[in-house]
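Student: Sequence and predicted structure, then a few things I'm wondering about:
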Amino acid sequence: MTLATTRAPSRSLGLAAALATVTIWAAFILVTRFAVQGSFTVEEILVLRLVPGAIVMVPLMWRLGVMPTGQPPLRSAMLMFGASAAFPYVVSKGLSFAPASDGGALAPGMLPFWTALAAYFMLGERVGPRRRLGLAMILAGAIIVSLWQILAGAEDGAWRGHLMFLTGSGLWAVYSVIFRQSGLSPQHALVIGLFWGTVSATPLLYLTGQVQFADALLSDIIIMTVLQSFIIGILAMYLFGYAVQIVGAAEAAAFGALTPILALLGGALFLGEHITPVKVVGVVLVAVGVFLASGILSRTQPASPS
């Protein structure tokens with residue numbers, strides 16, 4: 001049995017984890033947009049995302065520890081406070097200003113672009129001509145989705161959401177590269193982020209006065225807890241970490257090609273969002289660019305980290 005054959009099952013699982021992750025990301029965008037337009041504040045959603053998950057993961061926190069040992073201070077801070085609290089808050093806040101179809105293109109859709117930049121500046125990694133074309137298409141599609149709507153005045157105030165989507169996506173890309181270098185297992189990275197995100201963000205969120213659940217039914221709170229905390233907060237984080245560990249940060253992020261399409265379709269079908277032909281062109285450009293940026297069509301596939 002060759003080395004490639006023995007590695008195939010692990011790589012297949014990594015690709016499956018990446019696929020599942022981006023599907024959950026699309027659901028996160030749709031569910032969060034629906035919630036912030038209805039009976040929940042962004043702050044309430046983040047509390048439901050953090051606290052129940054942290055309680056459930058206490059035994060794993062106790063066993064693995066909650067400190068990212070051996071990491072420089074800035075990287076430790078990113079691992080501790082970023083993925084579980086800061087980035088979801090930024091993207092969720094963006095969804096209170098802009099449609100889910102925009103969020104799909106500008107948050108997970110832009111992730112391969114930002115990841116390639118982060119890997120270049122942090123690791124010196126370079127991409128080939130085909131992947132550069134894909135990254136250029138992602139950028140062009142994002143400009144069409146965002147800038148065209150701003151100039152046309154299609155969504156009043158949507159530029160705030162667009163800026164938050166791009167910021168959250170860029171920070172997530174830096175996190176993914178740092179996680180890849182950290183040597184942490186997906187489980188360990190998850191509990192570190194959940195612990196520190198919960199103990200730091202929850203008091204601040206309550207101090208804003210926006211965590212009262214005054215307009216939410218108990219049944220809605222239970223459903224939102226399951227979706228945000230256990231499926232989006234824990235399962236997606238674990239799957240993303242596993243995918244990055246197996247196939248690498250850039251290739252795991254490349255599966256985001258599906259997320260803009262799913263968010264576009266979901267926004268139209270479930271949220272009643274108005275989808276213009278220009279937006280469709282922008283989202284398709286992003287999706288095709290993500291596919292090309294993945295390196296799947298290249299003769300030499302990106303090596304799995306060992």
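Tutor: Sure thing, it's come through.

Student: Flag the shaky bits of the chain, pLDDT-wise.
Tutor: 1-9, 149-155, 249-250, 253-254, 256, 294-306 (pLDDT under 70).

Student: And the helices in the stretch 101-250 of the chain?
Tutor: For the stretch 101-250 of the chain, the helices defined by DSSP state H, counting those that start in this stretch occupy 111-123, 129-152, 158-182, 186-207, 218-225, 236-247, 249-254.

Student: The fourth one packs against which elements?
Tutor: With contacts defined as 3 or more CB pairs under 8 Å, 6 or more residues apart in numbering; DSSP states H and E, the secondary structure elements packing on helix 186-207 are helix 42-56, helix 58-64, helix 73-81, helix 236-247. For every residue, glycine as well, the C-beta is placed using N, CA and C.

Student: could you give the angle of the last one to helix 186-207?
Tutor: Orientation note: helix 236-247 sits at an angle of 150 degrees relative to helix 186-207 (axes from the mean of the first three to the mean of the last three CA atoms, to 10 degrees).

Student: Contacts for helix 236-247, please.
Tutor: Here helix 236-247 makes contact (CB atoms under 8 Å, 6 or more residues apart in numbering) with 10-11, 13-15, 17-18, 20-21, 24-25, 28, 83-84, 176, 179-180, 184-187, 189-190, 193, 252, 255, 302, 304-305.

Student: What subset of those residues is buried?
Tutor: Among the contacts of helix 236-247, the ones that count as buried by 16 or more other CB atoms under 10 Å are 14-15, 17-18, 20-21, 24-25, 28, 83-84, 176, 179-180, 184, 186-187, 189-190, 193, 252, 255, 302.

Student: Out of the helices and strands packed on helix 186-207, flag the one nearest residue 95.
Tutor: With CB to CB, the closest approach to residue 95 among the helices and strands packed on helix 186-207 belongs to helix 42-56: 7.9 Å.

Student: what is the orientation angle of that closest one with helix 186-207?
Tutor: Using the same axes, to 10 degrees: helix 42-56 against helix 186-207 is 140 degrees.

Student: The nearest residue to residue 161 once chain neighbours are set aside in helix, strand or coil?
Tutor: Counting by CB to CB, 6 or more residues apart in numbering, residue 98 is the residue found nearest to residue 161 once chain neighbours are left out, at 2.7 Å. Assigned with DSSP: H, G, I helix; E, B strand; the rest coil, residue 98 falls in the coil class.

Student: can you count the residues close to residue 98?
Tutor: Close neighbours of residue 98, defined as other CB atoms under 10 Å, add up to 24.

Student: For it, give me its contacts.
Tutor: Neighbouring residues of residue 98 by CB under 8 Å, 6+ apart: 155, 158, 160, 161, 162, 165.

Student: Pick out whichever of those sits closest to residue 111.
Tutor: Ranked by distance to residue 111 (CB to CB), the contacts of residue 98 are led by residue 165 at 10.5 Å.

Student: There's contact between that closest one and residue 106 in this structure, I believe.
Tutor: Yes. Shown here, residue 165 and residue 106 form a contact pair, counting by CB atoms under 8 Å, at 3.7 Å.

Student: about what we covered before: out of the helices and strands packed on helix 186-207, nearest to residue 138?
Tutor: Comparing those by their distance to residue 138 (CB to CB), the top pick is helix 236-247, with 18.8 Å.

Student: can you give me the angle that closest one makes with helix 111-123?
Tutor: If you take the same axes, to 10 degrees, helix 236-247 sits at 60 degrees to helix 111-123.

Student: Can you check what angle separates helix 236-247 from helix 158-182?
Tutor: 50 degrees.

Student: Can I get helix 236-247 in CSV, CA atoms only?
Tutor: Output of helix 236-247 as CSV, limited to C-alpha atoms (Å, rounded to 0.1, in the frame of the first residue of the first chain):
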residue,chain,number,x,y,z
ALA,A,236,-18.8,24.0,12.4
MET,A,237,-15.8,25.1,14.4
TYR,A,238,-14.7,21.6,14.9
LEU,A,239,-15.2,20.6,11.3
PHE,A,240,-13.4,23.8,10.1
GLY,A,241,-10.4,23.1,12.4
TYR,A,242,-10.3,19.4,11.3
ALA,A,243,-10.4,20.5,7.6
VAL,A,244,-7.6,23.0,8.0
GLN,A,245,-5.5,20.4,9.8
ILE,A,246,-5.9,17.9,7.1
VAL,A,247,-6.0,19.8,3.8
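
Student: Perfect, that will be all.
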